[in-house]
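In: below is the structure, and that's it, no one-letter string:
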C-alpha cells in the first residue's frame with residue numbers, strides 16, 4: 001500500500017461514496033455483527049500531563065479514584081453472566097496499580113472463565129513488562145499513538161518522544177498481542193499531510209484494531225478553548241481505514257457519539273464494527289472525563305443494552321457478545337495474511 005493510493009482515496013472521493021464501499025467490505029468480512037467490548041475504567045489516576053486530556057496530572061478539579069482488583073474481578077464476573085466475552089480494562093498511565101495487580105486480575109478471571117478476551121489500555125510498558133502480562137493471560141492491548149507526526153506528538157505530550165510509543169507497538173506485535181492503536185482527528189496544527197501519515201502508519205503496523213476519534217477540547221486543559229473538527233472528516237477516515245485494512249476491527253467510538261447524535265451509527269455505516277459500552281459502576285464513570293459532555297455516564301446496563309439494540313436494528317446491525325477476535329489477527333496467526341486491493 002503506497003501513500004499515493006491513500007491520497008487518492010482521501011482527496012478524490014467524497015465521504016458518502018467511500019462509506020458505501022467500506023460498509024460493503026465490512027459486511028463481506030464480518031456480516032452485520034457489531035462486537036461489544038465491556039469497558040471498565042478502573043482508575044483515572046495518571047502520571048502524564050498531556051495538553052488535551054482531562055485526566056492530566058495537573059487537573060486538580062478531577063476527583064481521583066481507583067477500583068480495587070477484587071472489585072474489577074467482581075464487575076467482569078457480573079457481566080460475563082450477562083453474556084459478555086470481551087472486556088477492556090482502561091486507566092490513565094497510573095501510579096497506584098502495579099504489574100502484579102493487573103496480573104492478579106487477569107490470572108484470577110481466566111481461572112474462572114477460559115472463553116474471554118482481556119484487553120488492557122493503561123499506557124506505556126516496556127517489553128519485559130508486556131511479556132509478563134502476556135504470560136499471565138492478557139490477550140490484547142490498546143495504545144493509541146494519537147498522531148504519527150513527531151513534532152505534534154512532542155507538543156501534545158509536553159516534550160515526550162513518539163519513538164518510545166512506536167517501539168511499544170512493535171513490541172506488542174512481536175509478543176503476539178492482538179494489537180490496537182489509532183489517532184485523534186482535529187488536533188491543533190494538524191494538516192492533511194499529518195492525517196495521511198496517520199492513516200499510512202495504521203496500515204504499516206497492520207493493526208488488529210484501529211480506534212480513531214475526534215479531538216474534543218476539555219476546558220480543564222491548556223487546549224480547552226479550541227474548536228471540534230467537522231464530523232464528516234471522521235466518517236471519511238473511518239471508511240478509508242476499512243478499505244485499506246479490511247480485516248481489522250474498527251470501533252465506533254463514544255467520543256464520536258458525543259459530538260454527533262448519530263455519530264456511532266454513521267461510523268458503523270462507514271465500516272466500523274465494534275462498540276465499547278461503559279460497564280464501569282456509575283459512581284466512578286462521572287470522574288473518567290477525558291473530554292466534557294461524555295454520553296451514557298448516567299445510564300445503567302439494562303438501559304444501555306436496550307438502547308444499543310434498538311439503534312443497531314435501525315441500521316441493520318445486531319449485537320454480538322462473542323470475543324470478536326480480529327480477522328486480521330486470525331489470518332496472520334494462520335499464515336494467511338491478506339492485504340486489501
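Out: That came through fine. As the structure is a computational prediction, the values presented were derived from the model and not from experiment.

In: quick one, helices of the stretch 151-300 of the chain?
Out: Using DSSP state H, counting those that start in this stretch, the helices found in the stretch 151-300 of the chain span residues 162-174, 192-205, 231-244, 254-259, 263-268, 282-285.

In: and what about residue 311, helix, strand or coil?
Out: At residue 311 the chain is in helix, as set by DSSP: H, G, I helix; E, B strand; the rest coil.

In: residues contacting it?
Out: Residue 311 makes contacts with 264, 265, as judged by Cβ atoms under 8 Å, 6 or more residues apart in numbering. Using the backbone N, CA and C atoms, a C-beta is placed for each residue, glycine as well.

In: what about it, distance to residue 269?
Out: Note on residue 311: its distance to residue 269, by Cβ to Cβ, to the nearest Å, is 12 Å.

In: could you list the low-pLDDT ranges of the stretch 201-341 of the chain?
Out: Low-confidence segments of the stretch 201-341 of the chain (pLDDT under 70): 334-341.

In: mind redoing it with 90?
Out: Flagging of the stretch 201-341 of the chain using pLDDT under 90 yields the residue ranges 292-307, 332-341.

In: which residues in it form strands?
Out: Shown for the stretch 201-341 of the chain, the strands assigned by DSSP state E, counting those that start in this stretch span residues 209-210, 213-214, 274-275, 318-320.

In: nearest to residue 140, out of the ones you listed?
Out: strand 209-210 (7.4 Å; Cβ to Cβ).

In: skipping its backbone neighbours, what lies nearest the most centrally placed residue in the chain in space?
Out: Against the mean C-alpha coordinate of the chain, by Cα atoms, centre = their mean, the closest residue is residue 211 at 4.1 Å. With Cβ to Cβ, 6 or more residues apart in numbering as the criterion, residue 211 has its nearest non-adjacent residue at 3.8 Å, and that residue is residue 182.

In: for that neighbour, grab the count of nearby residues.
Out: Residue 182 sits with 23 neighbouring residues when counted by other Cβ atoms under 10 Å.

In: and it, what does it touch?
Out: Residue 182 touches 144, 145, 202, 207, 209, 210, 211, 212, 213, counting by Cβ under 8 Å, 6+ apart.

In: farthest pair in the residues you listed?
Out: Maximum pairwise distance among the contacts of residue 182 (Cβ to Cβ): 14.9 Å, between 207 and 213.

In: thanks again, I'm all set now.
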